[in-house]
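1. Please work out how this folds:
(chains A and B)
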Amino acid sequence: MNFDYSDDQKFLKDEARKFLEANCSTAKVRKVLDDDAKAYDEALWAAVAAQGWLGAAIPEEYGGLGLGHIELCAIAEELGRVVAPIPFASTVYVLAEAVMLAGTEAQKKALLPKIAAGEVIGCLATSEGPGVTTAGNLQASVSGGKLSGTKLPVTDGDIATHAVVLAKEGGQPGLFLADLSAGVTREPLATLDPTRDAAKLVFDGAPAERLGGAGEGFALLEQVLDRAAVLMAFEQTGGADRCLEMAKAYALERYAFGRVIASYQAIKHKLADIYVKNELARSNAYYGAWALNTGAPELPVAASAARIAASEAFWFAAKENIQTHGGIGFTWEVDAHLYYRRSRQLALVAGAPRVWKERLVSQLERRNIAA
Amino acid sequence: MDFNDSPEEAAYRAQVRAWLEQNAPKTGVGMDDMEGGSKDTMAASKAWQAKKAAAGYACITWPKEWGGPGGNPVQQVIFNQEEARHPVPPNPFQIGLGMCVPTVMAFADADTKTRFVGPALRGEEIWCQLFSEPSGGSDVAAARTRAVKAPDGSGDWIIDGQKVWTTGAQFSNFGIVVVRTDPEAPKHKGLTMFWVDMSDPGIEVRPIHQMSGGSGFNEVFFTGVRVPDSQRLGAVNDGWRVSLVTLMNERLAVGGPSGASWSQFLEAARDITGLDGAPAIKDRALREKLADWYVATEGLKHTRNRTMTALSRGQTPGPESSIGKVVSALQMQDLANSAVEMLDQFGIINDPALSPLGGAFHMSLMSAPGLRIAGGTDEILKNIIAERVLGLPGDIRVDKDVAFKDLPTGR
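-> Numbers count the residues shown, from 1 in each chain, chains lettered A, B, ... in the order given. As a prediction, the model looks like this:
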């Protein structure tokens, strides 16, 4: 049994933590939060690219480090801990994964080295309005290699160079790779988590190439999201662990009624509940990482479980961290709301947990029959 | 990251598999909730334990001097995993071998150890743990059962009082008992541990009729039970420290999956009519619950895999193993109740002949309250996570420095 990071992976993770403690303090995160004009931390993005993290799971022949997905998971966990204000998920978990999964050789050669170098920013453009996007309500369309339609919200849509887009072609849903250098207008959106900006993208003839087969858009999107979900689960787990640390530290120094609040059972049990959810999330995330790294057929089930557990854990930890802090936790100056915001961003950006629960049970139904 | 055995582990697993294939029983005997068997299954249990001991598969981590093969914890886990694939009889030896005998090994003299360890290992003698009392379950140190020096100057002790929730007392040959020896001292400083012969005429075992209908637990009454001082485990009035050694082993012994599973729920829901005449499995509310149960079940399974990984790498497992029962017991109750509610009016029937899965959901429903209490209540387990894992302070204690006899007791 070898169900944990290896020593080398732990070393990489420790180094990532040190690097981010030095380069991504919450003071830096707040520069993006408080400045509407600032979409992300460009200096951090460049530094992360220089570390090679953007290409951690990209094969060496395409300019990456060729390490593997477990290493990328370790990095993701550390990015989640510090609520890094960079388009890492959009670029690495979505764009790079989509290209590696379904891109042509030419697309891989064109994009992957640039992703690894930090010269490209990706985004996921599937949603078109409130509620779940389905084959029935999908409006965006591609004709003659030109994309038209409106997508919102698109996380990092205001800064992205390329988009993974769900659109119809000849009435059939497909997944497309759009170049955002022309034929698109962008409108910034106010979001729950301003450290991760989003935009409304209006396409009017943006060049788009199909990824995968005609009519396979939703199936391929699910495969891309399975991969992204595992990686995001590590960010969520890292964020949830940080919330527990914050709550614990505060509970140990805050006095009420003559003693530290950490000595009250109501607080102790609350923190124990956070710990339990965080451990369940971590264990499910590890299984997702294993499935992702080995290309196991269990990936869709493992990714769903990882996403559900991590979304629940991060939400619970983020809200109860504020609660543990009491009034001060509700202020702008305490960092607790950065995590509350990020927990919502991560839980929704690749599809809400209830969508994943339905996907999971559908798969379990089929698997149980097959078994 | 993978689930593979190391070459040594794989070799051990193959050896265990081959041995079980040859030796494990082919058909099972009945199980009741939390009993570790009944009178009818005892012979089969003892025979299986003897077979395991002879082959070096009982108490795999015990050193050779005590009859174990001197193996490592991973080998024990591998054996447990493989054994669970066979219909082996109930295990009434777990508490004795997991908690009582290790306490004897830690605190008794050489003769006592020589006398008891082997027979316990081979399943010839069964041990029970006499800790809980009517006045204290979670608060073990509140024990009121007394031991006083015999007036004849022999140095013997006379024990009087009552223990409760003693698993397997009805089958046990011996027990370890924690008793009050100094009521003038604060509660933790006036306790002493002894081992006792359960066949003593002053010991009376009465089964508890549980709300689930079963009787796995007992009340044990001590009336003028005389024990020589040589049966003392640890120093006089040092029984609390001794009992902590016993209890440290308890939480490792309890846990793992129990009761009806998410998978059984899913299968049952295919065949039961739900809202609007559709199968209950189409009910979105139930599907969300199924997803949650699956995720928690998988989370616990992979948490065990993480613990196993630490053992396999020769490391001490992290504190994550402490979450098992607090998650699984509550989930068992919730899942069972949802299953019963899914049956609508039919859910009130509790009859293995009529209820789905031979009444498995109903049995889980009625035994879950006990599982949430046995081996540490949900509340105590959360205290343990908060204090030992997260390092939060203990509760303010009003009973620490007060003579035991002066503590308020309520009922």
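2. what does stretch A:188-196 contact?
-> A:29, A:32-33, A:36, A:40, A:83, A:85, A:87, A:152-153, A:155-156, A:158, A:197-200, A:338, A:341-342, A:344-345, A:349 (C-beta atoms under 8 Å, 6 or more residues apart in numbering or on different chains). To be clear about C-beta, it is placed using only N, CA and C from the backbone, and glycine gets the same treatment.
3. Can you name the residues that contact the nearest residue to B:Ile281 once chain neighbours are set aside?
-> Among residues not flanking B:Ile281 along the chain, B:Ala269 sits closest, at 4.0 Å (C-beta to C-beta, 6 or more residues apart in numbering or on different chains). Residues near B:Ala269 by C-beta under 8 Å, 6+ apart: B:279-281, B:283, B:286, B:290, B:342.
4. Only the buried members of the residues you listed: can you turn that into a PyMOL selection?
-> Buried residues among these (16 or more other C-beta atoms under 10 Å in any protein chain shown), as a PyMOL selection:
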select buried, chain B and resi 280+281+283+286+290+342
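5. Look up how far chain B lies from A:Thr237.
-> Distance, A:Thr237 to chain B, using C-beta to the nearest C-beta, to the nearest Å: 11 Å.
6. Pretty sure A:Asp226 sits in a strand.
-> No. Under DSSP: H, G, I helix; E, B strand; the rest coil, A:Asp226 sits outside any strand and is assigned helix.
7. tally of neighbours for it?
-> Around A:Asp226 there are 25 other residues, counting by other C-beta atoms under 10 Å in any protein chain shown.
8. And for B:Gly155?
-> B:Gly155: 11 neighbours (other C-beta under 10 Å).
9. With B:Lys301 instead?
-> 14.
10. Please list the residues of the stretch 201-350 of chain A that sit near chain B.
-> Those residues of the stretch 201-350 of chain A that sit near chain B, judged by C-beta under 8 Å from any C-beta of the partner chain, are A:244, A:248, A:251-252, A:259-260, A:262-263, A:265, A:267-269, A:271-273, A:275-276, A:279-284, A:286-287, A:289-290, A:293-294, A:304-305, A:308-309, A:312.
11. Separate out the buried members of the residues you listed.
-> A:244, A:248, A:251-252, A:260, A:262-263, A:267-269, A:271-273, A:275-276, A:279-284, A:286-287, A:289-290, A:293, A:304-305, A:308-309, A:312.
12. Restricted to strands, list those residues.
-> Among those, the ones falling in strands (DSSP state E) are A:Val260.
13. Now, the buried ones among the residues of the stretch 201-350 of chain A next to chain B that are in helices?
-> Among those, the residues falling in helices (DSSP state H) are A:244, A:248, A:251-252, A:267-269, A:271-273, A:275-276, A:279-284, A:286-287, A:289-290, A:293, A:304-305, A:308-309, A:312.
14. Which single residue in the stretch 51-200 of chain A comes nearest to chain B?
-> A:Ile70 (5.4 Å; C-beta to the nearest C-beta).
15. Wait, B:Asn218 touches B:Ser172, no?
-> No. Using C-beta atoms under 8 Å as the test, B:Asn218 is too far from B:Ser172 to be in contact (9.2 Å).
16. so where does the most centrally placed residue in chain A fall, helix or strand?
-> In chain A, the centroid-proximal residue (C-alpha atoms, centre = their mean) is A:Met232; its distance is 3.9 Å. Per DSSP states H and E: A:Met232 is located in helix A:217-253.
17. Output the contacting helices and strands for that helix.
-> helix A:69-81, helix A:97-102, strand A:162-169, strand A:172-179, strand A:259-260, helix A:265-294, helix A:299-325, helix A:336-349 (3 or more C-beta pairs under 8 Å, 6 or more residues apart in numbering or on different chains; DSSP states H and E).
18. Can you name the next helix or strand after that helix?
-> strand A:255-256.
19. remind me which residues of chain B are low pLDDT?
-> B:30-37, B:249-257, B:411 (pLDDT under 70).
20. could you redo the last one with a cut-off of 80?
-> Residue ranges of chain B with pLDDT under 80: B:29-39, B:245-258, B:316-322, B:410-411.
21. Which helix or strand contains the nearest residue to B:Phe265 once chain neighbours are set aside?
-> The shortest distance from B:Phe265 to any non-neighbouring residue, by C-beta to C-beta, 6+ apart, is to B:Ala339 (5.5 Å). B:Ala339 belongs to helix B:324-342 when assigned by DSSP H and E.
22. What of B:Asn305?
-> Secondary structure assigned from DSSP H and E places B:Asn305 in helix B:284-312.
23. now B:Arg241
-> helix B:239-253.
24. Quick check: pLDDT value at the nearest residue to A:Lys13 once chain neighbours are set aside.
-> Closest residue in space to A:Lys13, ignoring its immediate chain neighbours: A:Ala74 at 4.1 Å, by C-beta to C-beta, 6+ apart. pLDDT, A:Ala74: 98.
25. wait, isn't A:Ala74 in contact with A:Ala16?
-> Yes. If you go by C-beta under 8 Å, A:Ala74 and A:Ala16 touch, sitting 6.8 Å apart.
26. more crowded one of these two?
-> Between A:Ala74 and A:Ala16, counting by other C-beta under 10 Å, A:Ala74 is the more crowded of the two (26 against 23).
27. for the more buried one, what are its contacts?
-> Contacts of A:Ala74 (C-beta under 8 Å, 6+ apart): A:5, A:9-10, A:12-13, A:16, A:234.
28. For the stretch 151-300 of chain B, what lies in contact range of chain A?
-> Residues of the stretch 151-300 of chain B lying near chain A (C-beta under 8 Å from any C-beta): B:262-263, B:266-267, B:281, B:284, B:287-288, B:290-292, B:294-296, B:298-300.
29. A:Pro130: neighbour count?
-> 6.
30. Roughly how far does it sit from B:Trp195?
-> 69 Å (C-beta to C-beta, to the nearest Å).
31. can you check B:Pro92 too?
-> From B:Pro92 over to B:Trp195 (counting by C-beta to C-beta), the distance is 18 Å.
32. cool, and A:Ala198?
-> The gap separating A:Ala198 from B:Trp195 is 69 Å, by C-beta to C-beta.
33. Please apply the same query to B:Trp293.
-> When B:Trp293 is compared with B:Trp195 (using C-beta to C-beta), they lie 42 Å apart.
34. And these two? Which one has more around it.
-> Remark: of B:Trp293 and B:Trp195, B:Trp195 carries more neighbours, 23 against 20, as counted by other C-beta under 10 Å.
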